[in-house]
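*Asks:* one predicted model, sequence on top.
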Amino acid sequence: MSSSDWTPERIAALIALWNEELPTSEIGRRLCITKNAVIGKVHRLGLPKRRLPPEKPEAAQVVRLGELRSGMCSWPLGNPGDDSFHFCGAETMTGKPYCSRHCDVAYVKTAKDRGKTTAA
């Protein structure tokens, strides 16, 4: 597949990997494209610029698999083979396994859902 084949699924994967703040070279490797193709598509999509590199989480903030409880976001962070691998652990959205930030990445809204508005 070439970098010109940007299917909705590949775009969703790019956005998810970008939101995990992976390096562009790693995103490219995972999508089998060049890092320049990643940078170009990110620019064309208007994705937010990267923040400063995140600080390493403090030991109290790292949630390992055995520490996950009901109501904690189970979004995986990092490479499962690394010692630094952990889970988000933030408060989940009602009825979902993820926090609001990770639900935005995990779930694709259908055209039917996009038209819905909530009453104030």
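*Replies:* Sure thing, it's come through.
*Asks:* for Ala16, which non-adjacent residue is closest in space?
*Replies:* Using C-beta to C-beta, 6 or more residues apart in numbering and skipping the chain neighbours, the partner closest in space to Ala16 is Val105 (4.8 Å). Every C-beta, even on glycine, is put in place using the N, C-alpha and C of the backbone.
*Asks:* how many neighbours does the nearest residue to Gln61 once chain neighbours are set aside have?
*Replies:* Take Gln61 and drop its neighbours on the chain: the residue closest to it by C-beta to C-beta, 6+ apart is Gly89, 7.4 Å away. A count of neighbours around Gly89, defined by other C-beta atoms under 10 Å, yields 21.
*Asks:* where do the strands of the chain begin and end?
*Replies:* 76-77, 86-87 (DSSP state E).
*Asks:* would you tell me which of those gets closest to Leu65?
*Replies:* Among the strands of the chain, strand 86-87 comes nearest to Leu65, with 7.0 Å by C-beta to C-beta.
*Asks:* out of the strands of the chain, which is the most enclosed?
*Replies:* Across the strands of the chain, averaging neighbours per residue (mean count of other C-beta atoms under 10 Å) puts strand 86-87 on top, at a mean of 19.
*Asks:* just to revisit the earlier point, quick one: the residue nearest to Gln61 from Arg29, how far?
*Replies:* Distance, Gly89 to Arg29, by C-beta to C-beta, to the nearest Å: 27 Å.
*Asks:* returning to what we had before: using a markdown table, lay out the strands of the chain together with mean pLDDT and distance to Glu21.
*Replies:* Below are these laid out as a markdown table (pLDDT from 0 to 100; distance: least, C-beta to C-beta, whole Å):
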| stretch | mean pLDDT | distance to Glu21 |
| --- | --- | --- |
| strand 76-77 | 91 | 10 |
| strand 86-87 | 92 | 14 |
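*Asks:* what's the closest of those to Trp6?
*Replies:* Trp6 sits nearest to strand 76-77 of all the strands of the chain, at 24.8 Å, using C-beta to C-beta.
*Asks:* run through who's touching the closest one.
*Replies:* For strand 76-77, contacts defined as C-beta atoms under 8 Å, 6 or more residues apart in numbering pick out 20, 85-88.
*Asks:* got the domain boundaries for the protein?
*Replies:* As recorded under automatic domain parsing, the domains making up the chain are 1-54, 55-109.
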